[in-house]
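Enquirer: Okay, sequence plus prediction incoming.
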Amino acid sequence: MDKIKIAVVGLGNCASSLIQGLQYYRDKKPQDAIGLMHWDIGGYSPSSIEVVAAFDIDKRKVGSDVNEAIFSRPNCTAVFCPDMPKSGVKVRMGKVLDGVSEHMKDYDENDRFILSGEKEPTSEEVVNILKSTGTEVLLNYLPVGSEEATQFYAQCALDAGVAFINNIPVFIASNPMWAKKFEEKGIPIIGDDIKAQLGATITHRTLTDLFKKRGVKLERTYQLNTGGNTDFLNMLNRKRLKSKKESKTEAVQSVAASRLDSRDIHVGPSDYVPWQNDQKICFIRMEGKLFGDVPMNLELRLSVEDSPNSAGVVIDTIRCCKLALDAGLGGALYGPASYFCKHPPYQFTDDEAHRKVEEFIKQYSVQPVVVNQVR
């Protein structure tokens, strides 16, 4: 099969894990590829994905080879594929807009962005880069709260005629106005806010759905998260946190038997702990009532490396986008978005979302799908 050519906006921890993963799984056999939901989607394996362009604003990354830049500070995620060959793709200066929070300058340079002095590109220049490199799918990995910058790149994707995957909680695919733009242009889009493979939100959703199915009345719940990566540092600015909190909260509310009052549910990032680096620690508490109105509560602590936890999901998302491109589909892809994202255009239960994405893959695949089964 042909390569799936992608461009990446923001070479932070999540992009680092994704790009490391493309190399890590390159020589794996399907039976040895632990950590992937699908090895083959429509004839496309992880090694089918190729990075052809990248944008960042940090001077330690701009001008570097992509496979070197992913290990530059302030990145601090796990290095599980240290022997990365040079990609031959240089990181280009991106558009800043609201991509950097003002409070970042108050922190150590190892933790924060350091703006490159290079000239920012115009939208026409970004579009020309996407076209000249043959980009098919543009991935958005900007910091949380980057509303203007995300809209800038979404419009560039439309103008260049490339698919768009919005991995962050800025509402594009789930915004009817933006979704219509992609539909009218015949360009697929998946978003918003990527779900982790097994993270805080998917765990919280699963437990909430379990309460509903087992007849337990959920009365109060919280999800508290701490981490030491740039994402958590960025979200210390509470103004940038609004869409993230809404995305995570709605993901849980949508599967509850009945919606909780806003005072009875708290879901969101809580604090920045520098020494945690990319390790995310999540605390979930759920209070409810069983048979006979007898009270119960559940407490859970989850510890994960944050960025690799999303990378495998993004690999599937890219390949589903490619299936849509091959089939000439445009607009928001409801099935894949509902399974891969926290804030899709339509929320389904995880069972329904899983069924819909498998049906999508089966319908638009030209070759049999191989589902990974860990034994």
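Expert: The structure has been received and is ready for your questions. Residues are numbered from 1 along each chain as shown.

Enquirer: the strands in this structure, which residues?
Expert: 4-9, 38-40, 49-56, 91-93, 137-140, 163-166, 188-190, 217-227, 265-272, 279-289, 295-305, 331-332, 370-371 (DSSP state E).

Enquirer: Now distance to Pro30, mean neighbour count and mean pLDDT too, for these, in TSV please.
Expert: For the C-beta atoms, the positions are set from N, CA and C on the backbone; glycine is no exception. Listed next are the strands of the chain as TSV, based on distance: least, CB to CB, whole Å; neighbours: other CB atoms under 10 Å; pLDDT from 0 to 100:
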stretch	distance to Pro30	mean neighbour count	mean pLDDT
strand 4-9	18	26	98
strand 38-40	4	21	95
strand 49-56	16	23	98
strand 91-93	32	22	98
strand 137-140	23	26	98
strand 163-166	24	28	98
strand 188-190	24	30	98
strand 217-227	32	19	97
strand 265-272	36	19	90
strand 279-289	29	18	98
strand 295-305	24	13	98
strand 331-332	30	22	98
strand 370-371	6	14	47
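
Enquirer: Quick check: which ranges of the stretch 251-375 of the chain have low pLDDT?
Expert: 367-375 (pLDDT under 70).

Enquirer: quick one: the helices in it?
Expert: 308-327, 334-340, 350-364 (DSSP state H, counting those that start in this stretch).

Enquirer: can you put those in TSV and add distance to Ser123 and mean neighbour count?
Expert: Output for the helices of the stretch 251-375 of the chain, formatted as TSV (distance: least, CB to CB, whole Å; neighbours: other CB atoms under 10 Å):
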stretch	distance to Ser123	mean neighbour count
helix 308-327	22	23
helix 334-340	25	24
helix 350-364	31	17
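
Enquirer: Now render these as TSV, adding distance to Leu207.
Expert: Rendered in TSV, the data for the helices of the stretch 251-375 of the chain read as follows (distance: least, CB to CB, whole Å):
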stretch	distance to Leu207
helix 308-327	17
helix 334-340	18
helix 350-364	11
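
Enquirer: These: which one's closest to Met93?
Expert: Closest to Met93 of these, according to CB to CB: helix 308-327, at 23.6 Å.

Enquirer: okay, the closest one in PDB with CA atoms only?
Expert: C-alpha atoms of helix 308-327 as PDB (Å, rounded to 0.1, in the frame of the first residue of the first chain):
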ATOM      1  CA  PRO A 308       2.400   7.000  24.900                       C
ATOM      2  CA  ASN A 309      -1.100   6.300  26.300                       C
ATOM      3  CA  SER A 310      -2.500   8.300  23.300                       C
ATOM      4  CA  ALA A 311      -0.100   7.400  20.600                       C
ATOM      5  CA  GLY A 312      -1.600   4.000  19.600                       C
ATOM      6  CA  VAL A 313      -5.100   5.600  19.400                       C
ATOM      7  CA  VAL A 314      -3.700   8.300  17.100                       C
ATOM      8  CA  ILE A 315      -2.200   5.600  14.800                       C
ATOM      9  CA  ASP A 316      -5.600   4.100  14.300                       C
ATOM     10  CA  THR A 317      -7.200   7.500  13.900                       C
ATOM     11  CA  ILE A 318      -4.700   8.400  11.100                       C
ATOM     12  CA  ARG A 319      -5.500   5.100   9.200                       C
ATOM     13  CA  CYS A 320      -9.300   5.700   9.600                       C
ATOM     14  CA  CYS A 321      -8.800   9.100   8.100                       C
ATOM     15  CA  LYS A 322      -6.900   7.600   5.200                       C
ATOM     16  CA  LEU A 323      -9.700   5.100   4.600                       C
ATOM     17  CA  ALA A 324     -12.100   8.100   4.400                       C
ATOM     18  CA  LEU A 325      -9.800   9.800   1.900                       C
ATOM     19  CA  ASP A 326      -9.600   6.700  -0.200                       C
ATOM     20  CA  ALA A 327     -13.400   6.400  -0.200                       C
END
